[in-house]
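Chemist: test case, fold it:
(one chain, ligands or ions: 4)
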Amino acid sequence: MRKFVLVLFLLLIAWAFFPGFTIFQESEYSLKNLAPENYSYVEAEGCSSCKGEENQFMHRAVGVDRTSGVPVLDKRGWLSSVHSRSQSHGDRINTACARCHAPKAKGATRNKEEAKPIPKGTWQGVTCGACHPASLERSKRKSLVINYASGTDPTQTENYIFRNRSNGKEMNALCRFCHHESHDLLIEAMQNTVESGALRCIDCHMAAYAVTDQHVERFHNFKVAANIPNSCSGGIGRSMSCHDKGSREWFERKLPFVKGPRQEWSSD
Ligand code: HEC
Ligand code: HEC
Ligand code: HEC
Ligand code: HEC
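Modeler: Numbering: from 1, shown residues only. Ligands and ions are numbered 1, 2, ... in the order given. Down below sits the predicted model:
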């Protein structure tokens, strides 16, 4: 028995130091512990701490699954995306880069001449408020999907571009607001469908994995290959069914043709 307790104890210690650990004690769980050095996940933290089972869809978007009662890192969420690790350029960061890389960082500016170093610990990444009007009063939200003008007052309506969620072109403009350059969709028909808005960035990059009466839950890790089959089949909750008969192998064979080399998008 003592041996068992000792082994258990050692396993616990090993687990606590293993960087990829996924289970937290509720009392110890905090996004503060998950945020890399110099980051502040203050907004995402707010979205993952609202109480009540009816809010668990929000926690999953952040990347925390509480369905079992114990919080577990949910790789479908934002915490597993590059958007939550957008300081990939290390020391060269400044407030002008933050315009796209961390729109809610302190001092983020659209003016390159005003570029200054970022105060440590204020980098939020491409946080929830880059795409959702988190800081705007409910009654002022004309849409739940927005682009935010970095460096401006996030409580004011005029600092948002509200995106109509039923308009494919607007949903693509949401991403192109920062992604001026992206992969070429090598298949011409596919490029045309993206231009026209019939196919949206989010159909592949934010496929749905659950649909309830109130919400469509989408992968917030923004990955495609990792989310097969949802990301190729048109997902659930969308009338368009793209490749619902394709096998996993078929999808994986096609991926290189979809991604292609980076190119300037032809138009906006
Ligand atoms: C506020 C600006 C902004 C918006 C809006 C935005 N992104 Fe990003 N995205 C970035 C930045 C910056 C990076 C790169 C972060 C880095 O590598 O440092 C990135 C990275 C990514 C990556 C990962 C790239 C890689 O190298 O693996 C994907 C995929 C992606 N974005 C998809 C999307 C999609 C889809 C949308 C629209 C729903 C979107 N983004 C909207 C700024 C934005
Ligand atoms: C107009 C928006 C925008 C601005 C301003 C911007 N970036 Fe980016 N940056 C992006 C996006 C979007 C990506 C992701 C591109 C992708 O993976 O296709 C990115 C990716 C990167 C990457 C990762 C490239 C890679 O291959 O992984 C680096 C490094 C980078 N940016 C550095 C900077 C620096 C330094 C600045 C400021 C001097 C800056 N960026 C300003 C939008 C921007
Ligand atoms: C790069 C843009 C982007 C970022 C960053 C982002 N989201 Fe989203 N989010 C979207 C888009 C696009 C949708 C899908 C809207 C639709 O289905 O019409 C969405 C949908 C959602 C939904 C479901 C809404 C519903 O009721 O159907 C929730 C909840 C959500 N996001 C929460 C978050 C949280 C919390 C964060 C931060 C951890 C976050 N999002 C970060 C783009 C983003
Ligand atoms: C038909 C599906 C599809 C559509 C539509 C699509 N993408 Fe992608 N995208 C992919 C695949 C596949 C990859 C490879 C990475 C992966 O598997 O997650 C990728 C990779 C990326 C990357 C990472 C770039 C790199 O070189 O690693 C970015 C950034 C990106 N897409 C942005 C966008 C934006 C912005 C749009 C909309 C204008 C868009 N994508 C539309 C399938 C798609």
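Chemist: how much space separates residue 216 from residue 191?
Modeler: 26 Å (C-beta to C-beta, to the nearest Å). In short, each C-beta sits where N, CA and C put it, glycine included.
Chemist: hey, where'd the helices end up in the stretch 1-150 of the chain?
Modeler: Remark: helices assigned in the stretch 1-150 of the chain by DSSP state H, counting those that start in this stretch are 2-17, 31-34, 42-49, 56-62, 98-101.
Chemist: quick check: end-to-end length of stretch 197-205?
Modeler: With C-alpha to C-alpha, to the nearest Å as the measure, stretch 197-205 spans 15 Å from end to end.
Chemist: need the contact partners of that stretch.
Modeler: Stretch 197-205 has contacts (C-beta atoms under 8 Å, 6 or more residues apart in numbering) with 167-172, 174-175, 179, 190, 193-194, 218-219, 222-224, 231-232, 234-235, 238, 240, 242, 258.
Chemist: is any part of that stretch close to ligand 2?
Modeler: No: against ligand 2, stretch 197-205 shows no contacts by C-beta under 6 Å from any ligand atom, the least distance being 11.4 Å.
Chemist: about what we covered before: just the buried residues of the contacts of stretch 197-205.
Modeler: Among the contacts of stretch 197-205, those scoring as buried are 168-172, 174-175, 190, 193-194, 218-219, 222-224, 231-232, 234-235, 238, 258 (criterion: 16 or more other C-beta atoms under 10 Å).
Chemist: just the ones in strands from those, please.
Modeler: When DSSP state E is applied, the buried ones among the contacts of stretch 197-205 are split such that residue 218 fall in strands.
Chemist: which of the buried ones among the contacts of stretch 197-205 fall in helices?
Modeler: In helices, defined here by DSSP state H, the members of the buried ones among the contacts of stretch 197-205 are 168-172, 174-175, 190, 193-194, 258.
Chemist: tell me which two of those sit farthest apart.
Modeler: Largest separation among these by C-beta to C-beta: 170 and 258, giving 22.5 Å.
Chemist: per-residue confidence averaged over stretch 129-137?
Modeler: Throughout stretch 129-137, pLDDT has a mean value of 96.
Chemist: buried stuff in that stretch?
Modeler: By neighbour count with 16+ other C-beta under 10 Å, stretch 129-137 contains the buried residues 129-136.
Chemist: residue 35: neighbouring residues, count only.
Modeler: A total of 21 residues lie near residue 35 under the criterion other C-beta atoms under 10 Å.
Chemist: now do the same contact list for the residue nearest to it when sequence neighbours are not counted.
Modeler: Closest residue in space to residue 35, ignoring its immediate chain neighbours: residue 41 at 4.5 Å, by C-beta to C-beta, 6 or more residues apart in numbering. Applying C-beta under 8 Å, 6+ apart to residue 41 gives the contacts 31-32, 34-35, 84, 124-125, 127.
Chemist: what distance do you get for residue 41 to residue 108?
Modeler: 16 Å.
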